[in-house]
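> Below: sequence and its predicted model.
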Amino acid sequence: MAQKSNLDLVNECDNFPYQLQEPEKFKAVWNDSYGFYLEGCEACLGYMTSAVAKKFPLDRHWKLDEQNKRLTFQPQHENGARINDFDERNQILAEYLQSIRQQHIFGVLDGWRNELYPIYGPGRELLLSMERSATPLFGVVTYGVHMTGYVETKEGMKLWTPRRALTKQTYPGMMDNTVAGGLSTGEKPFDCLIRECEEEASLPEDLVRNAQPCGTLTYFYVRDSNAGGEVGLFQPECQYIYDLKMPSDAIPKPGDDEAIDFQLLTVEEVKKALAEGRFKPNCAHLLLEFFVRHGVVTAENEPDYIEIVSRFHRRLEFPTP
């Protein structure tokens, strides 16, 4: 098996082409992309491929502009008046997505989650709440929390790493960060972390409250077959990062059906698993960021250090909170 470099891992996660570095790739993707818009908001909220955009059934709430390459959600009353009420337009969106799910138009909706994700406007205002499984269709920014739990031992630092359940809709059987989860509409990052730690790893709140916030990780992912559903969907993401130094007697255990088990691995064992491509792409990206902050990956031992570090904070092209 070919070993992956750290830069390979970064490129697998942050793989939407950069305009300056990859002009031909960027041009090809850009020429085949549509923007997703909400009527009344001038900002582009996400990107989608032309094939996806043209597949959406159109009614009075939707407009496809092939000349300007835009799909616009325009919730309106029967008389054509625009609907500005937040809850009312989200109800229309929810019913529409449920309808196309039942018609089996997009495979990605087979992974329906009954979770709502927020979509923001240019003034940081909350514009929409969208079913989680639908967000890659529209290429909107999604948000989550990722925590790395580690233990200081006589043999050095060790990291708690779960293996994803084989029944997971996305990346089954791959390795993860200690705890990770998506941020629902109205949920604050640290509250999300506490909830996910209890659900996924059976970690008590009083322990998790010692977790240290370490900023964010942003990237622009183009989904592959392991992500489930259609290949090539756009997924820009922002992850809120936390570290938790854990006592030796704190042992995470699966609290739901998300993980098979948790393994306490040495740094070298984690690095080996990374090189073998056993981690979910964004989890590998995050672990590299963790290793940089903790002095495991340095300018002295990583030839692509500057490039790798610069890719931890991609500037996303869409409104964020």
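Now that the structure is in, tell me what you want to look at.
> which ones are touching residue 240?
If you count contacts by C-beta atoms under 8 Å, 6 or more residues apart in numbering, residue 240 has them with 143, 144, 145, 146, 183, 189, 193, 213, 216. C-beta coordinates here come from the backbone N, C-alpha and C atoms, glycine included.
> Could you look up the SS state of it?
At residue 240 the chain is in strand, as set by DSSP: H, G, I helix; E, B strand; the rest coil.
> Which residues does it form beta bridges with?
For residue 240, the beta-bridge partners are residue 145, residue 216 (DSSP bridges).
> what about it, distance to residue 45?
Residue 240 is 21 Å from residue 45, where distance means C-beta to C-beta, to the nearest Å.
> What of residue 154?
With C-beta to C-beta as the criterion, residue 154 and residue 45 are 51 Å apart.
> of the two, who's got more company?
A direct count of neighbours by other C-beta atoms under 10 Å for residue 154 and residue 45 places residue 45 higher, at 23 against 4.
> In terms of helices and strands, where is the spatially closest residue to that one that is not a sequence neighbour?
Closest residue in space to residue 45, ignoring its immediate chain neighbours: residue 36 at 5.0 Å, by C-beta to C-beta, 6 or more residues apart in numbering. Assigned by DSSP states H and E, residue 36 belongs to strand 33-38.
> Do I have it right that the residue nearest to residue 45 meets residue 71?
Yes: assessed by C-beta atoms under 8 Å, residue 36 is found in contact with residue 71 at 5.5 Å.
> For the two, list the residues in contact with both.
48, 138.
> and the strand holding residue 36, how far out from the chain's middle?
19 Å (C-alpha atoms, centre = their mean, to the nearest Å).
> what's the helix or strand just after that strand in contact with?
Per DSSP H and E, the first helix or strand lying C-terminal to strand 33-38 is strand 46-49. Applying C-beta under 8 Å, 6+ apart, the contact partners of strand 46-49 are 32-36, 71, 119, 137-141, 232-234, 236, 318.
> Of those residues, which belong to strands?
Taking DSSP state E, the ones among these that sit in strands are 33, 34, 35, 36, 71, 119, 234, 236.
> And those residues, which is closest to residue 53?
Proximity of those to residue 53 (C-beta to C-beta) peaks at residue 34, which lies at 3.8 Å.
> Burial check on the spatially closest residue to the closest one that is not a sequence neighbour, number of neighbours?
Leaving aside its chain neighbours, residue 34 sits nearest to residue 53 (3.8 Å; criterion: C-beta to C-beta, 6+ apart). Neighbour count of residue 53, defined by other C-beta under 10 Å: 23.
> Over to residue 295?
Residue 295: 7 surrounding residues under other C-beta under 10 Å.
> Give the residue farthest from the middle of the chain.
Note on the chain: the largest C-alpha distance from the chain mean falls to residue 79, namely 38.3 Å (C-alpha atoms, centre = their mean).
> Could you report the separation of it from residue 60?
Distance from residue 79 to residue 60, by C-beta to C-beta: 10 Å.
> can you give me the helices in the stretch 101-250 of the chain?
135-138, 189-201, 205-208 (DSSP state H, counting those that start in this stretch).
> Which of these has the highest mean neighbour count?
Highest mean neighbour count among those (mean count of other C-beta atoms under 10 Å): helix 135-138, with a mean of 27.
> helices and strands around that helix, which ones?
strand 46-49, strand 234-245 (3 or more C-beta pairs under 8 Å, 6 or more residues apart in numbering; DSSP states H and E).
> could you pull out the strands for the stretch 51-200 of the chain?
According to DSSP state E, counting those that start in this stretch, the stretch 51-200 of the chain carries its strands in the segments 62-65, 70-73, 116-120, 126-131, 142-153, 156-164, 179-182.
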